[in-house]
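Undergrad: this one's sequence-less:
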């Protein structure tokens, strides 16, 4: 979903802020996109498949620091929180198994585990959803909670044939429980690039508020070229925000303020990009270990300096190159996209945008090479 941020109306809102010379609004937009909390709950029986799913959503495997354990170290009736080691604003919650007891009360379950507070709830199973799980789904929907999803987790013994049979049976169960157009997504918990997790993600992104969808996208591990492309577009939107901020600050008649702000904002965004694209040493080494690849083979695919380390000196160098390369024709084109009263600062906007886009293109290319080799070898 390459246009993941278009529905944010980001460009129009930023143009309006520049028109009004409202730099604080632009800063707030950048902050919202860099720091936005997202809480995802995973419901279902605690077992190998659910544990792998919780770990894969954070780019981990059993044995990695911070990984969920199997069997779970948490009491059966207690929930467990799993923060993301790279993205502190993204948190997964392991909700207890929904009982099959006929006396089970879905309202009590929802109250006890505060189901409505989560941004999205993924209801998992390995055979078919239970009647009580559907009862919780129905209760949540009656309270206007729309971001609930059924996920059939594949086991190591499953084949394409058995998975399709299980999915068909699950849909029949949901229809029998009164769901008119149920959806069940097949998920390979150990390898999210397989089966239908990307379809599930696309549906979730469409249902969530835009800023939450953005936070989810950036926090997920980069396990497919599709995700690389989506993240690339998301960071280019952030690049536009940074360029808008640069344009606003350049109007301040204080020496060196604009250049300092430009470098500082660019470093923050590109550091977030490096982590989100899983380009840092720790992420690359972990991916190599998980996929059985020599770490230096993946590390060697990083040809952009910013993929290895986001330094202020490299950011300043790129800004200087962009300043030199910016032509009158390019600046004229950008003026057409800028508010009338902001055209005097269009050059600053152009330089920052060109530097950011170039950096994001290069980093994304490195990420795509790494994920292509990693998933290719694993398959």
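TA: The structure has been received and is ready for your questions. Everything numeric here is computed off the predicted structure, so don't read it as measured data.
Undergrad: and the lengthiest helix in the chain, which residues are buried?
TA: Criterion DSSP state H: the longest helix present in the chain is helix 346-378. Neighbour-count burial for helix 346-378 flags 346-360, 362-371, 373-375, 378 (criterion: 16 or more other CB atoms under 10 Å). C-beta: built from backbone N, CA, C; applies to glycine.
Undergrad: gap between the residue nearest to residue 323 when sequence neighbours are not counted and residue 87?
TA: Leaving out its chain neighbours, the residue that sits closest to residue 323 by CB to CB, 6 or more residues apart in numbering is residue 351, at 5.0 Å. Separation of residue 351 from residue 87 (CB to CB, to the nearest Å) stands at 30 Å.
Undergrad: again, but for residue 112
TA: 27 Å.
Undergrad: got it, and residue 285?
TA: 18 Å.
Undergrad: the two: which is more packed in?
TA: residue 87 (20 against 14; other CB atoms under 10 Å).
Undergrad: mind checking pLDDT for the more buried one?
TA: Here, the pLDDT recorded for residue 87 equals 88.
Undergrad: secondary structure element holding it?
TA: According to DSSP states H and E, residue 87 maps onto no helix or strand at all.
Undergrad: which phi and psi does it have?
TA: When read as degrees, to the nearest 10, the backbone of residue 87 gives phi -130, psi 90.
Undergrad: so what's the spatially closest residue to it that is not a sequence neighbour up against?
TA: Computed as CB to CB, 6+ apart, the closest residue to residue 87 that is not its neighbour in sequence is residue 219, at 4.0 Å. When contacts are counted by CB atoms under 8 Å, 6 or more residues apart in numbering, residue 219 touches 38, 84, 86-87, 89-90, 276.
Undergrad: same deal with residue 286?
TA: Contacts of residue 286 by CB under 8 Å, 6+ apart are 59-60, 64.
Undergrad: lowest pLDDT pick from the residues you listed?
TA: Out of these, that is residue 64, at 88.
Undergrad: identify the residue nearest that one in space, chain neighbours excluded?
TA: residue 286 (6.6 Å).
Undergrad: pull up the per-residue confidence for that neighbour.
TA: Note for residue 286: predicted pLDDT of 94.
Undergrad: what's the answer for the one 5 residues further on, then?
TA: Here the pLDDT value assigned to residue 291 is 91.
Undergrad: dihedrals phi and psi, it?
TA: phi -100, psi 0.
Undergrad: number of residues surrounding it?
TA: 16.
Undergrad: now residue 228: how far from residue 372?
TA: For residue 228, the distance to residue 372 - CB to CB - is 9 Å.
Undergrad: how about residue 274?
TA: According to CB to CB, residue 274 stands 18 Å off from residue 372.
Undergrad: low-confidence stretches in the stretch 251-379 of the chain?
TA: 251-262, 326-346, 377-379 (pLDDT under 70).
Undergrad: OK, contacts around the residue sitting nearest the centre point of the chain?
TA: Central residue of the chain (CA atoms, centre = their mean): residue 217, 1.7 Å from the mean position. Applying CB under 8 Å, 6+ apart to residue 217 gives the contacts 4, 205, 227, 230-231, 234.
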